[in-house]
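Pasting the sequence and the predicted model now:
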Amino acid sequence: MSRGPDYLRDLLRRLPAELSEAELFLHLGYWDDGVEGVRAAQARLNDVLLDALDVRSGQRVLDVACGIGGTLAALARREPSAELTGVNIDEAQLDVARRSVAHPVRWVCADACALPFEAASFERVVSVEAAFHFSSRRRFLAEVARVLVPGGVVVLSDLVVDLAADGERVREITEGLGPWPDPMLTSGSLAELCVAAGLCVVEERDLTPLVAPTFEAMLGPHAIANPSSVADAGDRGTAALGALCRTGHLRVVLLKAQLKA
């Protein structure tokens, strides 16, 4: 059985047996006007991504690294006729998704860099805050281009660390939240990697200012100011992300691209 990052395994063990849709998000939040609380902010970020994805009636949608199903559950509410597929490398996360998402979804255990689908299988692909875990963003985007139909759209959010970032903080991130093979995206920018895969960039948006409050809301100001003082490795990695975000060395990016028709 494949497995995901250790910090997510620890989180899954702490989850209650019964989960509401609001509890199915594992990503950061988006704190625009009127949002109160981490759960609401997470749901709001999901809405921002799905607005960009713009799924139409009957379209086939693939969520790569689908976590425990929150994005697909929300999408099923928006567009019940869509054909939904969720891919994750971790069977434990898929088990939670299977028992928590009521809408019919095809759940597949697979690697994001070797998707087990025929070419031109989906009109839409989404990946929420996961590409940094993949062994290669370049191979992932090449796979996305392969499985999209001509004119199909991919929307993803990703976390990118600046080359000038504090090395200790980068170490804390990779040790606590790994695998994170290329935190500084040295293989090329997301836009460059999309172009290399044959995708046309439609939009690239910096979400950092509206996402940054999540770190302090989750862990408190002391942890963000002093990540090394945090005992749990996963929380320490998250605190290090918050610290880099505070100093301007971490960006949270939304990217939308389309396969050439």
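The structure has been received and is ready for your questions.

Alpha carbons of the longest strand along the chain, as PDB, please.
For the chain, the longest strand by residue count, based on DSSP state E, is strand 148-161. The C-alpha atoms that make up strand 148-161 are tabulated as PDB, following Å, rounded to 0.1, in the frame of the first residue of the first chain:
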ATOM      1  CA  LEU A 148      -6.700  16.800 -20.700                       C
ATOM      2  CA  VAL A 149      -8.800  17.100 -23.800                       C
ATOM      3  CA  PRO A 150      -7.800  19.800 -26.200                       C
ATOM      4  CA  GLY A 151      -9.100  23.100 -24.700                       C
ATOM      5  CA  GLY A 152      -9.300  21.500 -21.300                       C
ATOM      6  CA  VAL A 153      -8.400  23.400 -18.200                       C
ATOM      7  CA  VAL A 154      -6.200  22.800 -15.100                       C
ATOM      8  CA  VAL A 155      -6.300  24.900 -11.900                       C
ATOM      9  CA  LEU A 156      -3.800  24.300  -9.100                       C
ATOM     10  CA  SER A 157      -2.600  26.100  -6.000                       C
ATOM     11  CA  ASP A 158       1.000  25.600  -5.000                       C
ATOM     12  CA  LEU A 159       3.500  26.800  -2.300                       C
ATOM     13  CA  VAL A 160       6.800  28.200  -3.500                       C
ATOM     14  CA  VAL A 161       9.700  29.100  -1.300                       C
END
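
Next, the buried residues of the next helix or strand after that strand.
If you walk from strand 148-161 toward the C-terminus, the next helix or strand you reach (DSSP states H and E) is helix 167-177. Using 16 or more other CB atoms under 10 Å as the test for burial, helix 167-177 gives Arg169, Val170, Glu172, Ile173, Thr174, Gly176, Leu177. For every residue, glycine as well, the C-beta is placed using N, CA and C.

Then stretch 38-53?
Val38, Ala41, Gln42, Ala43, Arg44, Leu45, Asn46, Val48, Leu49, Leu50, Ala52, Leu53.

Out of these, which sit inside helices?
In this view, the buried residues of stretch 38-53 that belong to helices under DSSP state H are Val38, Ala41, Gln42, Ala43, Arg44, Leu45, Asn46, Val48, Leu49, Leu50, Ala52, Leu53.

My guess is the fifth one contacts Gly29. True?
Going back to what we said before, that points to Arg44. Yes. Here Arg44 lies in contact with Gly29, judged by CB atoms under 8 Å, at a distance of 6.6 Å.

Mutual contacts of the two, please.
Contact criterion CB atoms under 8 Å, 6 or more residues apart in numbering; residues bridging Arg44 and Gly29 by contacting each: Val35.

give me every residue that touches Phe122.
Contacts of Phe122 were listed using CB under 8 Å, 6+ apart, and they are Gln59, Arg60, Val61, Leu62, Thr85, Val147, Leu148, Val149, Gly152.
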